[in-house]
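Asks: Got a predicted structure plus its sequence, pasted below:
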Amino acid sequence: MYLKGHTLWADEYHQLRQMHGSFPDLLKSLPKYEFCAYLSGDFYLTYPFFKMFSFNKWGLAIPHIIVTVIGFYFLYLLCKQYFKTLWGYLITFLIVCFNATMIQHATEIRIYAVLPTLSLMSLYFSLMVTSGDGPKTTKRKVAFACFFIALIWFHVYGIGIFVVSMLFSVFLRSRDK
C-alpha cells in the first residue's frame, strides 16, 4: 500500500526516513531501527542518492537500476560459460526481457534489487576461485576477499549467499574431478 502523499511504499518510506540526518546519525540509528544493525548495506548504497534527490522515487532508484543491470551482465557471463553457443546469449536475453519481478524490484527502494546481483556475482566469483581460474596476483586476491567481505556485510542474507555459492562451487568442482 502506498503511503498517502508519497509515491513510496510504507517500508521504503520507513527506510528513507532514517536518512534525514547526517551519515553518523544514520549509523547510530541502524541498530535501533534495523533487525540486522550494520548489515544493511542498502542504506549505504541509497544514502548519497537520498541526499541528492530526497524522496524522489526515480532518483532513489538509480543505484538499484544500475546494480540490476550489473546483475544481468553477470547472468550473461554465467550463461556464456555454460552455454557456449547461441543458446547462452538467447537464454540470457529471454531472462532479462521477461523477468518482470526483477525489473519491478529494480525500481523500488528495497534490498531485493541488490540481493540477486550479489548472488550472481558470488556464484561467478566462487566458480572462478574453485576452478583455479581465480585471482593470481595479490591485488586480485585482495579484491576477491574484499568482495566476499562486502557481500557478507551488505545484508544478513549475504552470509547465506556466500556459503551456498561457495559450497555449490566446491561440490561442482569435486564432481568434475
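Replies: That came through fine. Numbers count the residues shown, from 1 in each chain.
Asks: Who are the packing partners of the helix or strand that contains residue 93?
Replies: Taking DSSP states H and E as the definition, residue 93 sits inside helix 86-98. When contacts are defined as 3 or more C-beta pairs under 8 Å, 6 or more residues apart in numbering; DSSP states H and E, helix 86-98 packs onto helix 62-82. C-beta: built from backbone N, CA, C; applies to glycine.
Asks: per-residue confidence for the most centrally placed residue in the chain?
Replies: A centroid search over the chain (C-alpha atoms, centre = their mean) returns residue 114, at 2.6 Å, as the residue closest to the centre. For residue 114, the model assigns a pLDDT of 90.
Asks: gap between the spatially closest residue to residue 74 that is not a sequence neighbour and residue 43?
Replies: Nearest non-adjacent residue to residue 74, counting by C-beta to C-beta, 6 or more residues apart in numbering: residue 120, 4.1 Å away. Distance of residue 120 to residue 43, given as C-beta to C-beta, to the nearest Å: 22 Å.
Asks: What ranges in the chain fall below the confidence cut-off?
Replies: Residue ranges of the chain with pLDDT under 70: 1-6, 31, 33-39, 177.
Asks: how about the residue nearest to residue 74, secondary structure?
Replies: Applying DSSP: H, G, I helix; E, B strand; the rest coil to residue 120 yields a three-state assignment of helix.
Asks: rewinding a little: distance between the helix holding residue 93 and the chain's centre?
Replies: Its chain's C-alpha centre and that of helix 86-98 lie 20 Å apart, by C-alpha atoms, centre = their mean, to the nearest Å.
Asks: next one: stretch 167-177
Replies: The answer for stretch 167-177 is 24 Å, by C-alpha atoms, centre = their mean.
Asks: Same question for stretch 45-58.
Replies: Relative to the chain's own centre, stretch 45-58 is displaced by 18 Å; criterion: C-alpha atoms, centre = their mean.
Asks: Then stretch 58-71?
Replies: Stretch 58-71 sits 10 Å away from the centroid of its parent chain (C-alpha atoms, centre = their mean).
Asks: going forward, begin numbering at 188 instead of 1
Replies: Sure, I'll start numbering at 188, so the last one becomes stretch 245-258.
Asks: Show me the contact partners of that stretch.
Replies: Around stretch 245-258, the neighbours that count as contacts under C-beta atoms under 8 Å, 6 or more residues apart in numbering are 203, 232-233, 236-237, 239-240, 289-290, 292-297, 300-301, 303-304, 307-308.
Asks: Mark which of the residues you listed are buried, thanks.
Replies: Neighbour-count burial (16 or more other C-beta atoms under 10 Å) applied to these gives 203, 232-233, 236-237, 289, 292-293, 295-297, 300-301, 303-304, 307-308.
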